[in-house]
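K.L.:
I need the structure of the sequence given here:
(one chain, ligands or ions: 2)
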Amino acid sequence: MNLFRNFKSVTKTCYGRGSFSKLGEILQPQRMANKGFMVFVVDDYFSDKEDFKKRLPVLDGDELHFISSLKEPSTDQVDALRDDILARRGLPAGIIGIGGGTLLDIAKATSLMFTNPGSSVQYQGLNLIKQPGIWHCGVPTISGTGAEVSMTAVLTGPVKKLGLKCDWTVLDQIILDPDLIATVPQDQWFYTGMDTYIHSVEAITGTKKNTFAEAYSEKALDLCREVYLRRERTDPKSDELLMVASYMGGLSLTYSEVGVCHALSYGLGKVLEIHHCLANCMAFDKLEDVYGEHVQEFRQMVRHNQVHIPQDQAKDWGEDTITAMAEVAYNLPHMWDHAFGPDWEQVLDRERIKGWYRRM
Ligand code: NAD
Ligand code: ZN
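P.N.:
Ligands and ions are numbered 1, 2, ... in the order given. So this is what the prediction gives:
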């Protein structure tokens, strides 16, 4: 059994209000060392934000791609981006992802695919990547997923929704500028922020919990309480707290594992294409029998921030849909093992999973 994990961390971290202005300076040594152009992949929310665009340190010869995050990133999309750039321009010096989990994962996955032949489908899983990717940098503009620190880049493929997970997936550089997340719409700010709350709860309530994960989780949970129960959204300090919470929630997970909520969320994502963070909120809301007072606290945060978590959805889902989602969830044994221990099959069957879906 793999008792001790040995993790790679983000190599360099630049934090602080206004730190985004440092991106040009940060890119310079990479441009010199790798003698080439940079690829910027930016959430298309910014495509008409002229003030923001002026701040992008794009030089002559660089590639700037605005990409929609309406759909979660797919293997096709990453392969196509890589093929297009390699065919027209050759190998870039680096890639910079600017946006939420979607754009960060696109940058992480495309970095790897620039140097690993074939389709990203064949690398979905743990340690399947053969070669390090190109230099890659992430600038989150919405906080909560922890994608800025995680070892995985989650892609939806023809068969699986699964990450390219290995040491080389981890970003070489991140820039955490809390000013960038101020414009996120209220509901989205809540759903994505709750991903870090849920990561932290799941990390410390399962069999793989340990002091390392607990320290990050407990701090992340405190920061979430401050953001979602005490401070006004308009308080700039709230953005700082949430950005750091996301970082810590992501690390808590690296040293532990996700649990029941993420297993159910994967079912909702794969079968109904519901976005990861919204799906998590829909599932967590119905998991009082597993996560007890954390679910009550979650509902308090929902009420306090007047956000909407979809209810009574299951009545429109046929039995086939519920069965398909339960099947996706059931086939995530590492999550159940974490949540309920190695004998999880004694407390969990497909019927119990369907029961949770029927409550949504
Ligand atoms: P997202 O990237 O999907 O973006 C959500 C919405 O917020 C989009 O409409 C986007 O345009 C908008 N947005 C982003 N920044 C904004 C800003 N500053 N102002 C206004 N609008 C802004 O959001 P997400 O929830 O961060 O990411 C979800 C994705 O992350 C999923 O694809 C999921 O699979 C992935 N994920 C990855 C990991 C990982 O470890 N790699 C972990 C969890 C989730
Ligand atoms: Zn998550």
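
K.L.:
Where does the prediction get shaky in this protein?
P.N.:
1-3 (pLDDT under 70).

K.L.:
Near ligand 1, which residues of it? Just list them.
P.N.:
Applying Cβ under 6 Å from any ligand atom, we find that the chain lies next to ligand 1 at 43, 45, 69, 72-73, 99-103, 105, 141-142, 145-147, 150, 152-154, 180-181, 183-184, 188, 192, 195, 276-277. The C-beta positions use only the backbone N, C-alpha and C, and glycine is treated the same way.

K.L.:
buried subset of those?
P.N.:
Burial by neighbour count, 16 or more other Cβ atoms under 10 Å: within the residues of the chain next to ligand 1 this picks out 43, 45, 69, 72-73, 99-103, 105, 141-142, 145-147, 150, 152-154, 180-181, 184, 188, 192, 195, 276-277.

K.L.:
what are the C-alpha coordinates of stretch 267-275, in PDB please?
P.N.:
What follows is stretch 267-275, C-alpha atoms only, in PDB (Å, rounded to 0.1, in the frame of the first residue of the first chain):
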ATOM      1  CA  GLY A 267     -22.400  11.900 -11.300                       C
ATOM      2  CA  LEU A 268     -24.200  15.200 -11.700                       C
ATOM      3  CA  GLY A 269     -21.400  16.600 -13.800                       C
ATOM      4  CA  LYS A 270     -20.900  13.500 -16.100                       C
ATOM      5  CA  VAL A 271     -24.600  12.700 -16.700                       C
ATOM      6  CA  LEU A 272     -26.300  16.200 -16.500                       C
ATOM      7  CA  GLU A 273     -23.300  18.400 -17.300                       C
ATOM      8  CA  ILE A 274     -23.900  20.400 -14.100                       C
ATOM      9  CA  HIS A 275     -20.900  22.600 -13.300                       C
END
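
K.L.:
residues in contact with that stretch?
P.N.:
In this structure, residues lying in contact with stretch 267-275 by Cβ atoms under 8 Å, 6 or more residues apart in numbering are 71-72, 156, 161, 191, 276, 279, 282-283, 317, 321, 324-329, 353, 357.

K.L.:
so of the residues of the chain next to ligand 1, which ones are in helices?
P.N.:
Secondary structure from DSSP state H places 101-103, 105, 188, 192, 195, 276-277 of those in helices.

K.L.:
Identify the farthest-apart pair in these.
P.N.:
With Cβ to Cβ as the measure, no two of these lie farther apart than D105 and Q188, at 16.6 Å.

K.L.:
got the contact list for V139?
P.N.:
By Cβ under 8 Å, 6+ apart, the neighbours of V139 are 20, 23, 96-99, 174-175, 177, 180.

K.L.:
Write the PyMOL selection for whichever of the residues you listed are buried.
P.N.:
The buried residues among the contacts of V139 can be selected in PyMOL (16+ other Cβ under 10 Å) with this line:
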select buried, resi 20+23+96+97+98+99+174+175+177+180
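
K.L.:
any chance of the contacts of V139 in JSON lines, with distance to G267 too?
P.N.:
JSON lines is the format used below for the contacts of V139 (distance: Cβ to Cβ, whole Å):
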{"residue": "F20", "distance to G267": "36"}
{"residue": "L23", "distance to G267": "38"}
{"residue": "I96", "distance to G267": "33"}
{"residue": "G97", "distance to G267": "27"}
{"residue": "I98", "distance to G267": "30"}
{"residue": "G99", "distance to G267": "25"}
{"residue": "I174", "distance to G267": "30"}
{"residue": "I175", "distance to G267": "34"}
{"residue": "D177", "distance to G267": "35"}
{"residue": "L180", "distance to G267": "32"}
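
K.L.:
Out of the contacts of V139, flag the one nearest to S252.
P.N.:
The closest of the contacts of V139 to S252 turns out to be I174 (Cβ to Cβ; 16.9 Å).

K.L.:
helix/strand/coil for that closest one?
P.N.:
Here I174 is strand, with the state taken from DSSP: H, G, I helix; E, B strand; the rest coil.

K.L.:
in the sheet, who's paired with it?
P.N.:
Beta bridges link I174 to T13, G138 when assigned by DSSP bridges.

K.L.:
OK, contacts around the nearest residue to K130 once chain neighbours are set aside?
P.N.:
Excluding the flanking residues, the one nearest K130 by Cβ to Cβ, 6 or more residues apart in numbering is N116, at 5.7 Å. By Cβ under 8 Å, 6+ apart, the residues touching N116 are 123, 129-131, 133.

K.L.:
Could you check how many residues crowd around D51?
P.N.:
For D51, the count of nearby residues is 7 (other Cβ atoms under 10 Å).

K.L.:
re the thing from before, ok, of the ones in helices among the residues of the chain next to ligand 1, which one's closest to ligand 1?
P.N.:
The shortest approach to ligand 1 among these belongs to G101, at 2.0 Å (Cβ to the nearest ligand atom).

K.L.:
re the thing from before, for A87, state which of the contacts of N116 is nearest.
P.N.:
Distances from A87 to the contacts of N116, taken by Cβ to Cβ, are shortest for G133, at 18.0 Å.
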